[in-house]
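1. Sequence and predicted structure are below.
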2 protein chains.
Amino acid sequence: MILFASLRVKHAALAAAGAISALGACAFLWASGTAESLFQQGREGTPACATCHGAQGEGGGGGMYPRIAGQPAAYVENQLKDFRDGRRANPLMAPMVAGLTDADAQAVAAYVEGLNAPRAQAQKPDAVQAVLGQALVTVGAWERGVPPCAGCHGPALEGVTPNVPGLARQWPQYLAAQLSAWQQGQRAATPLGLMAKVAHGMTAAEIAAVSAYIGSLPDGEVPGMPRPEKPEAWTPAPQSADNFVPPPDAAIPAGPYGDLVRYGQSIFEQTSKYAGEYSRNGLSCRNCHLDRGRLATSGPMWAAYVHYPEYRKKDGLVNTMQMRIQGCFRYSQNGVVPAADSKEVTALVTYFHWLATGLPTGIKPKAVGYPRLAAPEQKPRPERGARVYAANCALCHGEDGQGRKSGAHPAFPPLWGPQSFNWGAGMHQVDMAAAFIKANMPYGAGNTLSDQDAWDVSAYMNSRPRPQDPRFVDDTEKTREKFHANHEFDFYGKEIDDVLLGGNKPLEK
Amino acid sequence: MILFASLRVKHAALAAAGAISALGACAFLWASGTAESLFQQGREGTPACATCHGAQGEGGGGGMYPRIAGQPAAYVENQLKDFRDGRRANPLMAPMVAGLTDADAQAVAAYVEGLNAPRAQAQKPDAVQAVLGQALVTVGAWERGVPPCAGCHGPALEGVTPNVPGLARQWPQYLAAQLSAWQQGQRAATPLGLMAKVAHGMTAAEIAAVSAYIGSLPDGEVPGMPRPEKPEAWTPAPQSADNFVPPPDAAIPAGPYGDLVRYGQSIFEQTSKYAGEYSRNGLSCRNCHLDRGRLATSGPMWAAYVHYPEYRKKDGLVNTMQMRIQGCFRYSQNGVVPAADSKEVTALVTYFHWLATGLPTGIKPKAVGYPRLAAPEQKPRPERGARVYAANCALCHGEDGQGRKSGAHPAFPPLWGPQSFNWGAGMHQVDMAAAFIKANMPYGAGNTLSDQDAWDVSAYMNSRPRPQDPRFVDDTEKTREKFHANHEFDFYGKEIDDVLLGGNKPLEK
């Protein structure tokens, strides 16, 4: 590992966000008395929370009142203030919380996070709903802009501190009501309009199914992708690359080939778990290739599969798919290169072969890589990018860019620092990252940033420290000359905010 | 290497052929006086050969009389006897050779082989003819059943002793006249009707081009495949596997990808030359995959490319294309396994990727492997197969199955013995070899043997000794149990003609 001595945050927006976090850390101690009383008994002008949400925060009214026990404190606090100040319009809640001070809100929220209610008894989903719900939770419906619930709410749907609520153990009726409210514009979809986008892509049947399915999930269970007992009947057919649809998961065949496809898919989804020997950071393949390598706008693996072998300037060689994958482990995973015929690489190649079913070999699909982004109007600047980051990215990736976990599970990937990709990864190039960001970020809301914002935030991300380029020779200047000099948008070897990027040490193994 | 102690030939047909060869070895000594006189001066009733064919065998009459200098003696002898006995109907030659005894024919033929005439002055081919001619010499036009000239006449067209005449330095007019005569049935196409099949697939323009091109080839030059200065304009398009046509050689792009495609093609064509480090026998990839892996009936590489990765019972693993190629080196090349990312394997994979351009990924083409052959009516028997072999195969592969060279160049591959594939190769299975033989052999005349003949000759070939199975464990019986017992048609571990096949020693490295 590398010590990042100088991760000082200099920008005003981030400093403010940091201050809020620091306050939050003290809140629980102060709250243990007052907050409990406020929650359980209320006070003059402020009814007890427990009246509707239950003494243990279990919710009630058949799901009219949500379960709030265990929700991230910062999330609860924000909701309370949003109700109070009208940012979240709710005629029922507004008068209840009108009398809360900021300190009250913080204290009650911390108390709520500490609650541990038993789960509500809810009607089980039927078999069809269970399959559909599981699919929406784990893989989403990206073709309609619907990312999987687990993509933001965490693999076990426990939420992500501080901004993302847990969905686990929630009343299905409440989940369904909120999705409908977002869909119909009855609830403002803060932040970033994300849940409105999600809900707009869903049918009524899907809202019912995913709500019922989530309500039925056993505590703490991480749902795997749906796997039918028998593969779905499915006949592969030739397809054009222009409107290519990879085969459905449910059609993955039984037997060793299908098993290897699924293993490759698992590595792709959770790289450090399934190929941990070769990964040294918190990233997974899917972080740069959304929808498990299927999404046309984020370097889909089906497009890469039929395109490789291809010559790459990067190493001056014709790269097979295997060699290309090795490059991802070396740079993007900041890891150790697995053998070209290791079971991990073979599994990934087999997964990509499956994804590419029906696609013509050797005809370069337009979808290879990321959608080309026009040259920036103004030279990309980290200073402007910091503001874009604070407004659009910090929510998930953290003010410090170190990503966030949902309990023990990876949730949002680290964007710089020791747990991110190194200076040899393609994503450190400002133009490549800008193209990715423009088309795909914020997660579930691609193509909402302006081009210039995408360029700037990419420059910000890629002007932070990250692990050394493993091709490092002698010193940073020589390494820059050899591998980074010919690129217009590359911060390697430059000094930004008093930090020499790619600072003078080789990568520790 | 293995010592094959017991390659005794027991069958009548082969013994007879052997006896003729033994006589031939003495002929030249006897001929040095008599034969020269017969050739140069003639004798009562037998005109001098030199009158028409020239004092040095250079031919004449503007190509009406062929150059015969340096032709394989056995070939010349056979032609003389065929003219004399009416098997080759030629009203000009028949009276000339009517007075020759068998011994005369043998002696004159040996004398002719020793002649070394200067080449004839012939009109050069034009640029279009040169390209077309080179293509026909080196790659043929398999889609019309035309194998490359070099496939039988040797890479430098010097002929293959004893049965295949050289074409190098021949008069173009003579070559064109013979091709036309075969095409129009004016010359009997012995042996096996091969040249009639070839000529029937050719246009008049092709006959003119290939004749002119051959006439212009510098002495001893091995023509490479045509390589245009600029790649041919060619737009790849999706194709169905049913009538798939791999891209034309001329369209191989310039640059590193195209260079690697060509390198892979070279390995495929001449494996021991271009991947000699990993090959320990006289076989090349193209020997089992005709037309450089393009021909639909002989395990085309484009079909394999889109089909792999696939599970194989043989090793109980999902095999990538790379792993499958490694298997070929281990078994079919009886060689050393190159690394999955060695330049040789990468070049072959890249060549196959190119061949598969436009073919849908992951949809198994019918052409994978060899065309399925119906179960044999009678159990395949080596004894019957020996007769099929003598009549159809020995001509090229030799009575001893050890293949033949054209000068220093490989011409026809060894089918058994130390220089052939080992007991682990798929081709040692009688059913697989029978399917290959039926569809593809004799070379250029596939689908002419009966099914039963294909089964029987496969049984004959695969009941001869060959290098040990590299998976050998402890002893032959145990190895048979483990790797060969579940197969209906597998001679490994059986005793045939007093030889224990797969005899009791491990493969020497």
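-> Arrived safely, thanks for sending.
2. how about A:Gln79, what does it touch?
-> Residues near A:Gln79 by Cβ atoms under 8 Å, 6 or more residues apart in numbering or on different chains: A:Arg88. C-betas here are computed from N, CA, C, even on glycine.
3. So it versus chain B, what's the distance?
-> According to Cβ to the nearest Cβ, to the nearest Å, A:Gln79 stands 48 Å off from chain B.
4. which stretch of helix or strand covers that residue?
-> helix A:73-85 (DSSP states H and E).
5. C-terminal to that helix, what's the next element?
-> helix A:93-97.
6. And the contacts of that next one?
-> Residues outside helix A:93-97 that contact it (Cβ under 8 Å, 6+ apart): A:46-47, A:80, A:83-84, A:86, A:105.
7. quick one, phi/psi of A:Val499?
-> phi -110, psi 130 (degrees, to the nearest 10).
8. Now A:Met195: which helix or strand?
-> helix A:194-200.
9. how distant is that helix from the center of its chain?
-> Centre-to-centre, helix A:194-200 and its host chain are 16 Å apart (Cα atoms, centre = their mean, to the nearest Å).
10. From chain B, how far off is the nearest residue to A:Val430 once chain neighbours are set aside?
-> Distances taken as Cβ to Cβ, 6 or more residues apart in numbering or on different chains put A:Phe489 closest to A:Val430, at 3.4 Å, once the chain neighbours are dropped. From A:Phe489 across to chain B, the span is 25 Å (Cβ to the nearest Cβ).
11. since we're on A:Phe489, how many residues are nearby?
-> Here the count is done by other Cβ atoms under 10 Å in any protein chain shown, and A:Phe489 has 18 residues near it.
12. Go ahead and confirm it touches A:Ala459.
-> Yes. When contacts are counted by Cβ atoms under 8 Å, A:Phe489 is listed as touching A:Ala459 (7.3 Å).
13. Identify the contacts common to these two.
-> Contacts common to A:Phe489 and A:Ala459, judged by Cβ under 8 Å, 6+ apart, are A:380, A:430, A:434.
14. Return the closest of those with respect to A:Leu317.
-> A:Leu317 lies nearest to A:Val430 out of the shared contacts of A:Phe489 and A:Ala459, by Cβ to Cβ, at 25.0 Å.
15. Who are the contact partners of the closest one?
-> Counted by Cβ under 8 Å, 6+ apart, A:Val430 has contacts A:380, A:455, A:458-459, A:462, A:489-491.
16. Could you report the pLDDT at it?
-> pLDDT recorded at A:Val430 is 97.
17. what's the most distant pair in the contacts of helix A:93-97?
-> A:Pro47 and A:Gly86 (19.0 Å).
18. From chain B, how far off is the residue nearest to A:Glu269 when sequence neighbours are not counted?
-> Once flanking residues are discounted, A:Glu269 sits nearest to A:Arg286: 5.5 Å by Cβ to Cβ, 6+ apart. Relative to chain B, A:Arg286 is positioned 21 Å away (criterion: Cβ to the nearest Cβ).
19. element containing A:Arg286?
-> Residue-wise, A:Arg286 maps onto helix A:285-288 under DSSP H and E.
20. From the rest of the structure, what touches that helix?
-> For helix A:285-288, contacts defined as Cβ under 8 Å, 6+ apart pick out A:267-269, A:271, A:292-293, A:298-299, A:328, A:332, A:348, A:413, A:427, A:436.
21. Swap in 7 Å and give it another go.
-> Contacts to helix A:285-288, defined as Cβ atoms under 7 Å, 6 or more residues apart in numbering or on different chains, come from residues A:268-269, A:271, A:292-293, A:298-299, A:328, A:332, A:413, A:427, A:436.
22. and what of stretch A:370-382?
-> So stretch A:370-382 is contacted by A:297-299, A:430, A:432, A:434-436, A:438-439, A:451-452, A:454-456, A:458-460, A:463, A:489, A:496 (Cβ under 7 Å, 6+ apart).
23. Show me what from the stretch 101-250 of chain A comes close to chain B.
-> A:236, A:238, A:240 (Cβ under 7 Å from any Cβ of the partner chain).
24. How is the closest residue to the last one other than its chain neighbours assigned, secondary-structure-wise?
-> Okay, so that is A:Ser240. In space, and not counting its chain neighbours, A:Ser240 is closest to B:Pro238: 6.8 Å by Cβ to Cβ, 6+ apart. What DSSP: H, G, I helix; E, B strand; the rest coil gives for B:Pro238 is coil.
25. how close does B:Pro238 sit to A:Ile363?
-> For B:Pro238, the distance to A:Ile363 (Cβ to Cβ, to the nearest Å) stands at 7 Å.
26. Identify the contacts common to the two.
-> Here B:Pro238 and A:Ile363 share the contacting residues B:Gly358, scored by Cβ under 7 Å, 6+ apart.
27. where exactly do the helices run in the stretch 351-500 of chain A?
-> A:382-392, A:394-397, A:430-440, A:451-461, A:476-479 (DSSP state H, counting those that start in this stretch).
28. can you redo those as TSV with distance to A:His409?
-> Output for those, formatted as TSV (distance: least, Cβ to Cβ, whole Å):
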stretch	distance to A:His409
helix A:382-392	23
helix A:394-397	14
helix A:430-440	21
helix A:451-461	23
helix A:476-479	35
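29. about what we covered before: now, of the residues of the stretch 101-250 of chain A next to chain B, which are buried?
-> Using 16 or more other Cβ atoms under 10 Å in any protein chain shown as the burial test, those include A:Pro238 as buried.
30. tell me which of the residues of the stretch 101-250 of chain A next to chain B is nearest to chain B?
-> A:Pro238 (4.2 Å; Cβ to the nearest Cβ).
31. Which pLDDT value belongs to that closest one?
-> Confidence score, pLDDT, at A:Pro238: 96.
32. Quick check: which ranges of the stretch 401-509 of chain A have low pLDDT?
-> A:507-509 (pLDDT under 70).
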